[in-house]
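> predicted model and sequence below, questions to follow.
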Amino acid sequence: MRNLIKMNLFRMRKAVSTWVLAIVAVAIAILDFGIMKIYVDDPFNWGLGEIIQMEGGMDMMKTITGFLRGTDLLIILAIFVVIFTNAEQKCGFDKNIIGITKNKWKQTLCRWLSAMIGVTAIMAVSYGTFTLLSVVFMNSFVLGDMLAYGKIMLIVYLFYAAFSAVFFFFTTVFRSSAGGLVPSLLITTGVLSLISKLLDLGANKLFNNPKLLPSDFFLEGAFSAVSNEASNGTLIRVVVTAAVYIVVALGLSMFIQQKRDVR
Amino acid sequence: MDYILTTNALTKKYGHYKASNEVTIHVQRGDIYGLIGRNGAGKTTLMKMIGGLSRPTSGSFEIRGKNGENTEKMKAKVGILIENPGLYPNMTAIDNLKTKAIALGIKDDKYLQGLLEEVGLTNTGKKKAKQFSLGMKQRLGIAMALVNKPELLILDEPINGLDPQGIAEMRVILTHLCHDRNITILISSHILDELSKVATRYGIIHEGKLLEEASKEELFSRCTERLELKTNDIEKTMNILNGMGFSKLEVKDGTINIYERLNEGGAITIALAKENIQTNEIALKSEALEDYYFQLTGGKENA
């Protein structure tokens, strides 16, 4: 398995798309920082700065987790995961590898794990850029609650893994970049949240229980609930939701690949 | 018999359609085994099952006497090039080889360079695979199949779409791999003439079924090959051939067909040159093999 991951990382390094997407991720970090700076400086006196400022200076935790929870970076990661995990099949390279191993599911798992290394790298580059810009250009920047910061960061990362597993699942099922990208982008851009809201309304009417919200168990719905203000109960629910998505999406992808013939 | 590969009633069904119907073949070590069949006959399906890309619906196959489907160790002895060489278009030849080598835990860059030398791709440098000609891609595909040091090489239509020079180069490579590296080759093609130049054993497959399995000698004993000779003076040529002791000759449409001593093409050319007769064309023709194939598969309308 280690060799398969090494192979995937080698081809990731050689792929132009990896570098292009990393540059786009940096650009997004710069853009998001620029927007935040406008909010903080508030050149038009719209009273925007209060939104993300705290007593004594800028709250680093709040700003950075806010940035990571945005969908801009998620869209880039969706494109990366789909392109990267579909590349082997697209060019037919998988035929060189699949035939010589018995357990095709191992190759599937390694492909996702490698994609996650790429996701982590792109995330780190983007996050690093945003943090660096914040430290250099923002006045009175304070760390905030580091423990809470770390906890939220870990949960956000778990969600990135869950989203990646779902994108990977779509790419595996449809065996094409387009087939993987369309549902992935529908999820990341929040289009599917309309459906989940409709389900909420339907469930409310059906069971007459306003607390029953199916959207809480949709990935994007659970992701939007991740915040420093969220209760422990909510955080446990979203962590379990993300973990279930990872297990189910990956398990199904591995099962499909194991059973399916190579085209 | 020292069989490197045997299949036992290997069957692949897609719905009710049997793409491979209880195919049993026997490939001896050192063979260049030619799978003959028209497009859609089931050659690729059979090769995909043996190469581990497709699961048989029923039947089994053995590589070196061990169950091929469930033994990872056996699968590692097989190199495949099926349908098209799976190459990363934006990578160089050596990077494509490295990618597969890393997956197999092979770190020997010299070995990979050696593979490129073997298939005549040493001077490609930083040229990316997408800029390669079809012949170069096919040769790189063979190098890819050789990375895991296979004992059995499965090549599906490797000469398809190649120009005459590309076909000749491929022939040289295949002969080298079989004779010098002792690699057994299972090769498919629907170009009988080309296959007949390299294969030592044949399996004729049609509509998913294996119709016949035979050695080159057995198959050719059922057919008649001929040397086709075209010169600038047919009358003089016939006299010279008679003088050389050839008797099984016929002249048809300006071409002399010789049905005996087929390996004496060189001697005939020299004899004609001595008498200032120009040889325009001399070639070993095996349309008879085609005729035999058509007879087996139900006529030319099926081709």
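Noted; the coordinates are in hand.
> which of the three states applies to residue B:1?
coil (DSSP: H, G, I helix; E, B strand; the rest coil).
> which residue is the nearest non-sequential neighbour of it?
residue B:28 (6.1 Å; CB to CB, 6 or more residues apart in numbering or on different chains). The way it works is simple: take the backbone N, C-alpha and C, and place the C-beta from them, glycine included.
> burial count for the one you found?
Residues contacting residue B:28 under the criterion other CB atoms under 10 Å in any protein chain shown number 16.
> and it, what does it touch?
B:1, B:2, B:3, B:4, B:184, B:201 (CB atoms under 8 Å, 6 or more residues apart in numbering or on different chains).
> just residue A:85 next, same as before
If you count contacts by CB under 8 Å, 6+ apart, residue A:85 has them with A:111, A:112, A:115, A:167, A:168, A:171, A:172, A:180.
> who wins for neighbours among those residues?
Busiest of the contacts of residue A:85 [other CB under 10 Å] is residue A:167, holding 30 neighbours.
> now the helices for chain A?
A:2-14, A:16-41, A:60-68, A:71-91, A:94-98, A:104-137, A:146-174, A:177-188, A:191-207, A:219-224, A:232-259 (DSSP state H).
> let me redo that: the stretch 1-150 of chain B
All helices of the stretch 1-150 of chain B, identified by DSSP state H, counting those that start in this stretch, fall at B:43-50, B:72-75, B:93-104, B:109-118, B:134-146.
> export these to TSV and tack on distance to residue A:237, mean neighbour count and mean pLDDT?
Shown next, in TSV, are the helices of the stretch 1-150 of chain B (distance: least, CB to CB, whole Å; neighbours: other CB atoms under 10 Å in any protein chain shown; pLDDT from 0 to 100):
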stretch	distance to residue A:237	mean neighbour count	mean pLDDT
helix B:43-50	46	26	91
helix B:72-75	42	17	63
helix B:93-104	40	23	91
helix B:109-118	51	15	89
helix B:134-146	48	23	88
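> now tabulate those helices in a markdown table and tack on distance to chain A.
Output for these, formatted as a markdown table (distance: least, CB to the nearest CB, whole Å):
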| stretch | distance to chain A |
| --- | --- |
| helix B:43-50 | 7 |
| helix B:72-75 | 4 |
| helix B:93-104 | 4 |
| helix B:109-118 | 13 |
| helix B:134-146 | 5 |
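> count of residues packed around whichever residue of the stretch 51-200 of chain A sits closest to chain B?
Ranked by CB to the nearest CB, the top residue of the stretch 51-200 of chain A for proximity to chain B is residue A:92, at 3.3 Å. As a burial measure, residue A:92 scores 18 neighbours (other CB under 10 Å).
> what's the span of stretch B:105-124 from first residue to last?
Across stretch B:105-124, the terminal residues are separated by 24 Å (CA to CA, to the nearest Å).
> swap that for stretch B:212-222, sorry
For stretch B:212-222, the first and last residues are 12 Å from each other (CA to CA).
> how about the residues of chain B by chain A?
B:48, B:51-55, B:70-72, B:75-76, B:78, B:80, B:82-91, B:95, B:98-100, B:102-105, B:144-145, B:147-148 (CB under 8 Å from any CB of the partner chain).
> go with 6 Å
For chain B, the residues in contact with chain A (CB under 6 Å from any CB of the partner chain) are B:51-54, B:72, B:75-76, B:80, B:82, B:84, B:86, B:88, B:91, B:95, B:99-100, B:102-103, B:105, B:144.
> nearest residue to residue B:142 other than its sequence neighbours?
residue B:119 (5.5 Å).
> surely residue B:266 is within a strand?
No: assessed with three-state DSSP, residue B:266 is helix; it does not lie in a strand.
> now it: how far from chain A?
Between residue B:266 and chain A the distance is 41 Å, computed by CB to the nearest CB, to the nearest Å.
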